[in-house]
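Participant: Provided below for reference: sequence and predicted model.
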There are 2 protein chains.
Amino acid sequence: MLYAGFMSAAPPSAPTPPEPVEPPQLLKLGLDDEPCLRADAARNRARLLEAAAGLVAARGADAVTMEEVAAAAGVGKGTVFRRFGDRTGLLMALLDHSEKKLQAAFLNGPPPLGPGAPPAERLRAFGRAALRRTVEDLKLQLAAEPDAGRRFTVPPYRVRHHHVALLLRQAVPDADCDVLAHTLLAQLDPALIHHLMHQCGMPPQRLEDAWADLVDRITGTPA
Amino acid sequence: MLYAGFMSAAPPSAPTPPEPVEPPQLLKLGLDDEPCLRADAARNRARLLEAAAGLVAARGADAVTMEEVAAAAGVGKGTVFRRFGDRTGLLMALLDHSEKKLQAAFLNGPPPLGPGAPPAERLRAFGRAALRRTVEDLKLQLAAEPDAGRRFTVPPYRVRHHHVALLLRQAVPDADCDVLAHTLLAQLDPALIHHLMHQCGMPPQRLEDAWADLVDRITGTPA
DNA sequence: ACACAATGCGGACCGGGGTCCGCTTTGCAG
DNA sequence: CTGCAAAGCGGACCCCGGTCCGCATTGTGT
């Protein structure tokens, strides 16, 4: 089972009932995939995703308005927000599929990305894979970036961080791997990728090389 | 002369006159300090900053509305935006003084922060200084964070990047220092600091240590 | 002193994200 | 099949950041 299909439903959760009991699973890194939506809700959710995907593809993410998406899906604005929480939530849901594929690859897939290869090599592979996936649809990825306050709490980031920190602990046990993992991940930030590629004109290859070099320096494992 | 007092005025610049001639200074990393504001404009600017500072101190940056600031300064809303471009611009202006002090310190100040010490040591000092300054008023710093699209183009960031890249080139000539500098700087990002301190409960000291360790690993200079 | 650009001013206005609440739909229990 | 709570719906509404444009203030050249 995968860690996280993120933001598939239930963003705000009922406010008044203080806490039913909280099922005994701490640090559940991702969110449940579909907490049993009611029939109509599920249908609307699908329609919304389809409509959103269409509009985004046609006109670019940041030229699309929430109200438009709602209208295109034949649904009220409130429904969009109830289902996806906020604009970022909707955009992230659009990326969910591809993100889950990547997660599957580095959690359970074949080496060198998945288990079986030495940690440093897995790290290198991870960066390469993540980088390529990000470059694929940078624009959307960029538009989906949550505001500064939540960048590090959003499930997909947490999964990546958890993974990288784990590998780091194996590769360099004598370091502050939790912090270091954030630093590594920063080099995969869509906003940075965008800046380096579109404003500084760097080719993707250079970014991949820089990642590999960084991993080498940190793990002290020169390939 | 310092590099950058950022966003002191003239955010949009006239649209119709295509380009007067563009004075022959490329890559002027910061913006001019005060391009000779008209008397009333200067007065209003000062009032606005004072009002903003007061409100922010009293109620926290993100509970303050642009209209409120304008009102408190006895000025129209339009004036705020003309002077500071947007909300982020105003908030950044509030931080300008402290940022300029830091800049002065690492550009012209005494070693180990300023010129005179070996690059790796200057890097360590830089991180420590930047970290402390950021922790000082994290909240404001966080609220002033520009949106993802501009994080890396905003003058203060560019100055820091330029500086770190320079030191890196001296310390590790055989690396992609431009990219590496971004990675280093990511560890000083207010949003990350906030996350690590307030959501993960790390003490500031740990962040300073992590920075020092990172610099050591990258420069290969174990203090 | 005066005229007249240029610069700045301010508040009405707009658009879009997010909320709210009375109504409808669903689906389960009997 | 029916009744009834719970879950979902939707669009009017609010709020705030950002824009616009006719009017007022400067300060400069004569």
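Facilitator: Yes, it's here.
Participant: for A:Ala186, what are its contacts?
Facilitator: A:192, B:182-183, B:186-187, B:189, B:192 (Cβ atoms under 8 Å, 6 or more residues apart in numbering or on different chains). Placement of C-beta: from N, CA and C, glycine included.
Participant: can I have the buried ones of the residues you listed as a ChimeraX selection?
Facilitator: Buried residues among those (16 or more other Cβ atoms under 10 Å in any protein chain shown), as a ChimeraX selection:
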select /A:192 /B:182,183,186,187,189,192
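Participant: would a markdown table of the contacts of A:Ala186 with distance to DNA strand D and pLDDT be doable?
Facilitator: A markdown table is the format used below for these (distance: Cβ to the nearest atom of the strand, whole Å; pLDDT from 0 to 100):
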| residue | distance to DNA strand D | pLDDT |
| --- | --- | --- |
| A:Leu192 | 22 | 98 |
| B:His182 | 25 | 98 |
| B:Thr183 | 29 | 98 |
| B:Ala186 | 24 | 98 |
| B:Gln187 | 28 | 98 |
| B:Asp189 | 20 | 98 |
| B:Leu192 | 23 | 98 |
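Participant: does A:Leu107 touch A:Gly114 like I think?
Facilitator: Yes. With contact defined as Cβ atoms under 8 Å, A:Leu107 reaches A:Gly114; the gap is 6.9 Å.
Participant: sorry, back to before: from the contacts of A:Ala186, which ones fall inside helices?
Facilitator: Judged by DSSP state H, those include A:192, B:182-183, B:186, B:192 as members of helices.
Participant: in stretch A:120-139, what's buried?
Facilitator: Neighbour-count burial for stretch A:120-139 [16+ other Cβ under 10 Å]: A:120-131, A:133-135, A:137.
Participant: where's the residue nearest to the spatial centre of chain A relative to B:Gly201, distance?
Facilitator: Against the mean C-alpha coordinate of chain A, by Cα atoms, centre = their mean, the closest residue is A:Pro156 at 3.6 Å. Distance from A:Pro156 to B:Gly201, counting by Cβ to Cβ, to the nearest Å: 23 Å.
Participant: for chain A, give me the ranges with low pLDDT.
Facilitator: Within chain A, the segments meeting pLDDT under 70 span A:1-34, A:223.
Participant: near DNA strand D, which residues of it show up?
Facilitator: Within chain A, the positions adjacent to DNA strand D are A:14, A:37-38, A:40-41, A:43-44, A:75-79, A:82-83 by Cβ under 7 Å from any atom of the strand.
Participant: by neighbour count, which of those residues wins?
Facilitator: A:Arg83 (23 neighbours; other Cβ atoms under 10 Å in any protein chain shown).
Participant: what helix or strand is the closest residue to that one other than its chain neighbours located in?
Facilitator: Leaving aside its chain neighbours, A:Arg83 sits nearest to A:Arg45 (5.5 Å; criterion: Cβ to Cβ, 6 or more residues apart in numbering or on different chains). Element membership for A:Arg45, per DSSP states H and E: helix A:39-59.
Participant: mind checking if that helix is in reach of DNA strand C?
Facilitator: Yes. Judged by Cβ under 7 Å from any atom of the strand, helix A:39-59 and DNA strand C are in contact via A:39-40.
Participant: show me what that helix is packed against.
Facilitator: If you count contacts as 3 or more Cβ pairs under 8 Å, 6 or more residues apart in numbering or on different chains; DSSP states H and E, helix A:39-59 packs onto helix A:66-72, helix A:77-84, helix A:87-108.
Participant: ok, then the element right after the helix or strand encompassing A:Leu131?
Facilitator: Using DSSP H and E, A:Leu131 maps to helix A:119-136. Sequence order places helix A:138-143 as the next helix or strand after helix A:119-136, per DSSP H and E.
Participant: who's in contact with that following helix?
Facilitator: When contacts are defined by Cβ under 8 Å, 6+ apart, helix A:138-143 is touched by residues A:56, A:60-62, A:91, A:94-95, A:134, A:190-191, A:193-194, A:197, B:148-149.
Participant: closest to DNA strand D among those?
Facilitator: B:Gly149 (11.6 Å; Cβ to the nearest atom of the strand).
Participant: A strand includes the closest one, no?
Facilitator: No. Going by DSSP: H, G, I helix; E, B strand; the rest coil, the assignment for B:Gly149 is helix, not a strand.
Participant: how about it, what does it touch?
Facilitator: B:Gly149 touches A:142, A:191, A:194, counting by Cβ under 8 Å, 6+ apart.
Participant: what separation is there between the last one and B:His182?
Facilitator: Translated: A:His194. 12 Å.
Participant: before we move on, what about the second one?
Facilitator: Summarising the geometry, the distance separating A:Ala191 from B:His182, computed by Cβ to Cβ, is 10 Å.
Participant: pull up the overlap in contacts between those two.
Facilitator: With Cβ under 8 Å, 6+ apart as the test, A:Ala191 and B:His182 both reach B:Phe152.
Participant: out of the ones in helices among the contacts of A:Ala186, which comes closest to DNA strand C?
Facilitator: B:Leu192 (21.8 Å).
Participant: residue contacts, the closest one?
Facilitator: Applying Cβ under 8 Å, 6+ apart, the residues near B:Leu192 are A:152, A:182, A:186, B:186.
Participant: one more: A:Leu167?
Facilitator: A:Leu167 makes contact with A:119-120, A:122-123, A:126, according to Cβ under 8 Å, 6+ apart.
Participant: got the residues of chain A near DNA strand C?
Facilitator: Residues of chain A lying near DNA strand C (Cβ under 7 Å from any atom of the strand): A:38-40, A:65-67, A:77-78, A:81-82, A:86-88.
Participant: run the last query once more with 10 Å
Facilitator: A:11-12, A:15, A:36-44, A:61-70, A:76-82, A:84-91, A:143, A:146-147 (Cβ under 10 Å from any atom of the strand).
Participant: returning to that earlier point: distance of the residue nearest to the centre of chain A from B:Asn108?
Facilitator: As judged by Cβ to Cβ, A:Pro156 and B:Asn108 stand 43 Å apart.
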